[in-house]
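J.: Could you look at this predicted model? Sequence included:
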Amino acid sequence: MSRIHPTAIVETGAQVDETAEIGPYAIVGAHVSIGARTVVGSHSVLEGHTTIGEDNRIGHYASVGGRPQDMKYQDEPTKLVIGNRNMIREFTTLHTGTVQDTGVTIIGDDNWIMAYVHVGHDCRLGNNVIMSSNAQLAGHVIVDDYAVIGGMTGVHQYVRIGAHAMVGGASALVQDVPPFVIAAGNKAVPHGINVEGLRRRGFSPDAISALRSAYRTLYKNGLSLEEAKVQLAELAGAGGDGDAYVKALIDFVEQSQRGIIR
């Protein structure tokens, strides 16, 4: 039998795994599904069409699955989907999607979401993302795997933050941050490659060296974006450990909708 505190309210229709734990005064709505071994802290509210996977820990007073902060929202049954092994700390707000996008907000696996973080409607977080306290994502933001977002950072709607990128604290981000790049400031500007993060994740010295060369090409050599793309393509064919990562950088730049920080 699931461990549900007697003061918690679990509405009829909610699906709570028998190994999940629901703390005092928490509220679980009728369209919420909670997977195995997930722990929900006291006074948290889980609502909307929300699916939560296994082994998640949700802190006290979290608001999960609330209505999108979008004036166009008209009570459509949009969704929030949360994967496995996420740490979601106190007073976090995670909202469902809107029909103007895919209708779903997605949180992947193994993410660390600290206190007072806001993830707006239609956002997509990958895996192993770290969001420090008070980081705020507007709607439609994409955060790729292993990205780190510093505390009190604000991210404009439709911005994408690439894999292994790092955004410094108290930054204001209005354009895309390419993968592997450090960004900081108001408005955020590039500050090199996230070398320490890449080392911790096992990137080889050759791969890091290739990414440093790519960064210089993109940001330091006085080239236009189109000129930089040509040289980046040459770097991606060098035949070393970094080829795939430089190619990923090129692909990100090509796909950017808001333009990259420069």
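T.: Thanks, I have the structure now.
J.: In the protein, which residue is most central in space?
T.: With distances taken as Cα atoms, centre = their mean, Leu125 lies nearest the centre of the chain, 3.1 Å away.
J.: Give the buried residues for stretch 213-220.
T.: Across stretch 213-220, burial judged by 16 or more other Cβ atoms under 10 Å covers 213-219. Glycine gets a C-beta too; all of them are placed from N, C-alpha and C.
J.: Show me how far that stretch is from its chain's centre.
T.: On the basis of Cα atoms, centre = their mean, to the nearest Å, stretch 213-220 sits 26 Å off its chain's mean C-alpha point.
J.: all strands of the stretch 101-250 of the chain, in order?
T.: For the stretch 101-250 of the chain, the strands defined by DSSP state E, counting those that start in this stretch cover 104-107, 112-113, 118-119, 124-125, 130-131, 136-137, 142-143, 148-149, 154-155, 160-161, 166-167, 172-173, 181-185, 188-193.
J.: Need the contact partners of the longest one.
T.: The reference is to strand 188-193. Residues from elsewhere that reach strand 188-193 (Cβ atoms under 8 Å, 6 or more residues apart in numbering): 167-168, 171-175, 177, 180-184, 208, 211-212, 215, 219, 261-262.
J.: Can you say which of these are buried?
T.: Taking 16+ other Cβ under 10 Å as the criterion, what is buried in those is 167-168, 171, 173-175, 177, 180-184, 208, 211-212, 215, 219, 261.
J.: sorry, back to before: which one of the buried residues of stretch 213-220 is nearest to Ile130?
T.: Checking the buried residues of stretch 213-220 against Ile130 by Cβ to Cβ gives Tyr215 as the nearest, at 21.6 Å.
J.: okay, now the closest residue to the closest one other than its chain neighbours: neighbour count?
T.: Taking Cβ to Cβ, 6 or more residues apart in numbering, and ignoring the residues beside it in sequence, Tyr215 has Ile193 as its nearest neighbour in space, at 5.1 Å. The number of residues packed near Ile193 is 26, by other Cβ atoms under 10 Å.
J.: So what sits opposite Ile193 in the bridge?
T.: Following DSSP bridges, Ile193 is listed with bridge partners Val181.
J.: ok, it to Ser209 distance?
T.: For Ile193, the distance to Ser209 equals 10 Å [Cβ to Cβ, to the nearest Å].
J.: got any ranges where this protein has weak pLDDT?
T.: Applying pLDDT under 70 to the chain flags the ranges 1-2.
J.: As a markdown table, the buried residues of stretch 213-220 with distance to Thr93 would be great.
T.: Compiled in a markdown table, these are given as follows (distance: Cβ to Cβ, whole Å):
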| residue | distance to Thr93 |
| --- | --- |
| Ser213 | 41 |
| Ala214 | 36 |
| Tyr215 | 34 |
| Arg216 | 40 |
| Thr217 | 40 |
| Leu218 | 35 |
| Tyr219 | 34 |
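J.: Among those, which one lies nearest to Gly239?
T.: Nearest to Gly239 among these, counting by Cβ to Cβ, is Ser213 at 13.6 Å.
J.: The closest one touches Ala236, doesn't it?
T.: No - Ser213 lies out of contact with Ala236 (Cβ atoms under 8 Å); the separation is 10.7 Å.
J.: Please report phi then psi for Thr7.
T.: Backbone torsions of Thr7, given as degrees, to the nearest 10, read phi -90, psi -10.
J.: Report the contact partners of it.
T.: Counting by Cβ under 8 Å, 6+ apart, Thr7 touches 24-25.
J.: Was I right to think Gly66 contacts Glu47?
T.: Yes - when contacts are counted by Cβ under 8 Å, Gly66 is listed as touching Glu47 (6.2 Å).
J.: No more questions from me, cheers.
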